[in-house]
Every structure is written in structure tokens, then in C-alpha cells.
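1. Please work out how this folds:
(4 chains)
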There are 2 protein chains.
Amino acid sequence: MKTTPYHHGALKEGLLAAAETILQRDGLAALTLRAAAREAGVSHAAPAHHFGDLSGLLSELAAEGFRRFGAQLKSATQATDSRRWDGARAYLAFATENPALFQLMFRSDRLDPTNPSLQEARMQALGLLAGASETPVDHPTVEQLGKILGGWALIHGFTMLQLDGRLKGLLRIAPEGTTTDALLEAMLATADRNELAPAKVARDA
Amino acid sequence: MKTTPYHHGALKEGLLAAAETILQRDGLAALTLRAAAREAGVSHAAPAHHFGDLSGLLSELAAEGFRRFGAQLKSATQATDSRRWDGARAYLAFATENPALFQLMFRSDRLDPTNPSLQEARMQALGLLAGASETPVDHPTVEQLGKILGGWALIHGFTMLQLDGRLKGLLRIAPEGTTTDALLEAMLATADRNELAPAKVARDA
DNA sequence: CATCCTATCTTTACATCGTAAAGATATAGG
DNA sequence: CCTATATCTTTACGATGTAAAGATAGGATG
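-> This is a model prediction of the structure:
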């Protein structure tokens, strides 16, 4: 009769799985050390042994997120029939499918900046973006960095505005039935036509 | 001898001022109802009477932030000698000068979405951006929205990446002495030259 | 095989937080 | 003057992160 063995065996993985369940089901705010322990069926102080503190658990989870993120970016852009901006589309798709996880990944205040696992996974995933220009370089010029940043900031900004609910206002005044994806395509088309509107405030506003 | 009058007189304003002090000094994580009460010199339960709950206080603070944000955007773009992208520069400048406040303003999970004060201030400030294209419209086409979104997402993404510390990695491989502002200018120049790099992952990454 | 060491997990404890409820106090209106 | 009401305090409760000490099991060592 093996009720609840004192030694879990793979508690660290179990806690990570439990944490991800909570993240998807109840959101980032509900993801606490004690909630993860409950979900995994262990005492509330068990996680501390494996992750040190809350930021440790969150950082491991974010690291896992960056690994999956990087993999999806890669497969989206390296497909034989991949189109221009497919990386950006994959960027938004990942955030839409994993909103709480994406928020966690880019919320530096809840993560441990010294966590090696997180640092490596993040460099791996975001390094892909840095290599997005035609000629990946170790010592890029400021112009090359501007180019990389342009594409990154454009899709990251769109994604954050979407996650924060800031696009709902635009969708309300948009033509009937306009979707978020349609807005994305319109934005990308605008970028390709070189018609990005600077944030210039109308005089009569 | 007027030690601590029972009735503060202007406690709501006092609490907002105290909250902003904490926000600037200790960051968003340290801004709690009890901390604001301590800073204002009242009992820990006093704020509840004026703001209902924590999201109420934070929403009022965010509303005030949006008012100032809108004012700075306006003055930056309506100056007689204003240049292209000056709105974007003001956008980043505000976030750099008020990092915690900016985070709060765009962190929908900590705000009360029904707060009228917040709703109005946000519409006022962000409506300016929606009127950024040459011809402000009530029923814009998807193409017009794409144009507006392009400029907004570009500077918002840059700003968020900067606040989350994500640009530090780029600055490390950038030419010696490159500043965040230099990166911004490089990105804007890239956008004007229509050379935004799509997030296309290098094959060898 | 017996023993001890150590990693793993539990229990207990404490400070802090948000929030609700009830009590105290001052202001305003009749 | 006197009372109704808004304002603020006190008290209380459950939840959280985290530290510290205790219990347990597994493995190494003799």
C-alpha cells in the first residue's frame, strides 16, 4: 500500500508540471509556491528545497518557456515554404497560445536574473532574433542593430499590446469582423510599404 | 497642539502622493496598501475607504500617469520645431523617467478595468496615438489601423524591451559606448529606410 | 549486514499582505 | 444643541513567502 511515499522521486519535475497547470488554468497571479505544492500533493515548504524561492521556480518555468519559444520560432522560419514575417507570426502565436507564460518570460521583476538555466534558454531563443538579419555577426554595427531591433520591437510591441488588452479599443472602431490577426497582417503590410506612422499627435486632439 | 488630526482633510490626495513616492523610490512590487498608509501616516485600513481595494488605488495612480503621459506626448509633437518620430522619443522618455509608473499603466492585471477615471485618462492619452495618422478617422480602414499600429507597436515594443532589460544583451555586443538612445535612433532610421528585419531565424542558429 | 550520512520532505513558526467588520471621532445639517 | 454621516482606527482572519527544526528514506561505508 503505497499511499504517499515520503520521497516523491521526481518532485522537481512534478512541481514544474503543477506550476504550468496552474499558470494555464488560473493565470500568473495564482501561481504561488503553496499553490504549486498543493497541486503536486506535497507540503507547502517542499518547493523551497528544489527552487530556493519563488523566483527560482518561476525562472525555471520561464526557461522552459524560452526553449519551447525558440523551437517554435525556428520551425516557423526554417520551413521550406516559409514566408517573410513568418517569425513574427510565430512570435504572436506563441504568446496567444501561452499568454501567462509569455508574460512571465518577459516580466523581469519576478525572475531571478542570475539563474543560469534561464539565462541560457533566453539567449538561445532571443539570440535567434539577433541572428535574424541576413548576416549574423559578433560585432554588429549600430545600423545592423537598428535593423534587428526594428523587427523585434515591432512584433514584440504588437504582442504586448495584444496581451494587455490594448488592441480591443482599436478593434472596436475597426471594420466589422476585423480580427487580431488581420490587424497584424495590416501592420506588417504597412511596414513593407514603408508607411509606418510615427507617433505624431494630431493638432486638434 | 495639532498632533495627528483624526480627519486628514485631503487623505485621498495624500495617499496618491505617498503611493507615487513609493513607486519611484521602491518600485511597483513595494507599492502595497499598507505601505501607502504608512507613508501617509495613517492606519493601514484607511486607504480602503477611499479606493475600495488595491486595484482602485493603482488605477487612480495609473490614470494620473496617463494624463501626464498624454500631456508630454502632446507637447513633444506639437512643438513648432518638432521632428518626425518626436512622439516616439517622448514615449520612450516618459517610460525611462517613470519606469515603475509606466509598467503599472500597461499591466492590466493589477488595474481595475471598470475604473472610469482610468478609462477616460487612457482613452485620452492613447487616443492621441490613434489620431497619429494624417487623417484622424472615426471608422478607419484596416489599412489605416495597420499604419497606426505600426508606429505604436514599434515604439511600445522598444520601450517594453528596454524596461524589461532585454536591450542590455544587445548593448553588450554593440560598438563601445552605444547608448539606448542611439539604438532607438538607429531603429527609427531603419524604419524610415524601409529595412526592418523580419524575425527570420538564421538557418545556422 | 549494520550504521551513519545526507538529500528529501514535513511541521512549525513568523512577518507581511489584502480585506472585512466593528468601533471611535469629527464634521455638517437640522 | 444634537444627531446623522463621512472619515479614520482597531481588531481580526486567511493567504502568502520564507526560515528553522524535525522526520524519513536511500545510499554509501565500514
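2. Next up, the contacts around the residue nearest to the spatial centre of chain A.
-> With distances taken as CA atoms, centre = their mean, A:Phe102 lies nearest the centre of chain A, 3.0 Å away. Each residue near A:Phe102 by CB atoms under 8 Å, 6 or more residues apart in numbering or on different chains is listed here: A:Gly65, A:Phe69, A:Phe94, A:Ala95, A:Thr159, A:Leu163. All C-beta spots, glycine's among them, are computed from the backbone N, C-alpha and C.
3. One more: A:Asp192?
-> Contact analysis of A:Asp192 by CB under 8 Å, 6+ apart lists A:Arg84, B:Asn194.
4. what's the next secondary structure element after the lowest-mean-pLDDT helix or strand in chain A?
-> Sorted by mean pLDDT, DSSP states H and E, the helices and strands of chain A end with helix A:116-130, the least confident at a mean of 91. Going down the chain from helix A:116-130, the next helix or strand is helix A:142-163, by DSSP states H and E.
5. Please identify the buried residues of whichever helix or strand A:Ala90 is part of?
-> Per DSSP H and E: A:Ala90 is located in helix A:86-97. Of all the residues in helix A:86-97, those buried under the rule 16 or more other CB atoms under 10 Å in any protein chain shown are A:Asp86, A:Gly87, A:Ala88, A:Arg89, A:Ala90, A:Tyr91, A:Leu92, A:Ala93, A:Phe94, A:Ala95.
6. which helix in chain A runs the most residues?
-> helix A:54-78 (DSSP state H).
7. Of the contacts of A:Phe102, which is the nearest to B:Leu188?
-> Nearest to B:Leu188, judged by CB to CB, of the contacts of A:Phe102 is A:Thr159 at 20.1 Å.
8. before we move on, the earlier item: what two of the buried residues of helix A:86-97 are the furthest from one another?
-> Pairwise distances across the buried residues of helix A:86-97 peak at 15.2 Å for A:Asp86 and A:Ala95 (criterion: CB to CB).
9. returning to that earlier point: can you give me the mean pLDDT across the helix holding A:Ala90?
-> Taken as a whole, helix A:86-97 has an average pLDDT of 97.
10. I'd like to know which elements it is packed against.
-> When contacts are defined as 3 or more CB pairs under 8 Å, 6 or more residues apart in numbering or on different chains; DSSP states H and E, helix A:86-97 packs onto helix A:54-78, helix A:142-163, helix A:180-192.
11. tell me the angle the shortest one makes with helix B:142-163.
-> To tie it back to what came earlier, the one meant is helix A:180-192. Put simply, helix A:180-192 runs at 90 degrees to helix B:142-163, going by axes from the mean of the first three to the mean of the last three CA atoms, to 10 degrees.
12. I'd like the buried residues of helix A:86-97 as a markdown table, with distance to DNA strand D appended.
-> Converted to a markdown table, these look like this (distance: CB to the nearest atom of the strand, whole Å):
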| residue | distance to DNA strand D |
| --- | --- |
| A:Asp86 | 38 |
| A:Gly87 | 35 |
| A:Ala88 | 34 |
| A:Arg89 | 35 |
| A:Ala90 | 32 |
| A:Tyr91 | 29 |
| A:Leu92 | 30 |
| A:Ala93 | 30 |
| A:Phe94 | 25 |
| A:Ala95 | 24 |
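13. and the closest residue to A:Thr32 other than its chain neighbours, how many neighbours?
-> Of all residues not flanking A:Thr32 in the chain, A:Leu54 sits nearest, at 7.3 Å (CB to CB, 6 or more residues apart in numbering or on different chains). Neighbourhood size, A:Leu54 [other CB atoms under 10 Å in any protein chain shown]: 17.
14. got it, and A:Ala71?
-> If you count neighbours by other CB under 10 Å, A:Ala71 ends up with 14.
15. Distance-wise, check it relative to A:Ala88.
-> 16 Å (CB to CB, to the nearest Å).
16. And for A:Asp112?
-> A:Asp112 is 29 Å from A:Ala88, where distance means CB to CB.
17. Then A:Gln72?
-> For A:Gln72, the distance to A:Ala88 equals 12 Å [CB to CB].
18. Equivalent analysis for A:Gly65, please.
-> A:Gly65 is 18 Å from A:Ala88, by CB to CB.
19. before we move on, what about A:Asp109?
-> Distance, A:Asp109 to A:Ala88, using CB to CB: 26 Å.
20. cool, A:Glu120 as well?
-> The spacing between A:Glu120 and A:Ala88, counted by CB to CB, is 24 Å.
21. picking up where we left off before, and the contacts of the least confident helix or strand of chain A?
-> For helix A:116-130, contacts defined as CB under 8 Å, 6+ apart pick out A:59-60, A:62-67, A:69-70, A:73-74, A:87, A:105, A:111-113, A:136, A:148, A:151-152, B:166, B:169-170, B:173, B:199, B:201-202, B:205.
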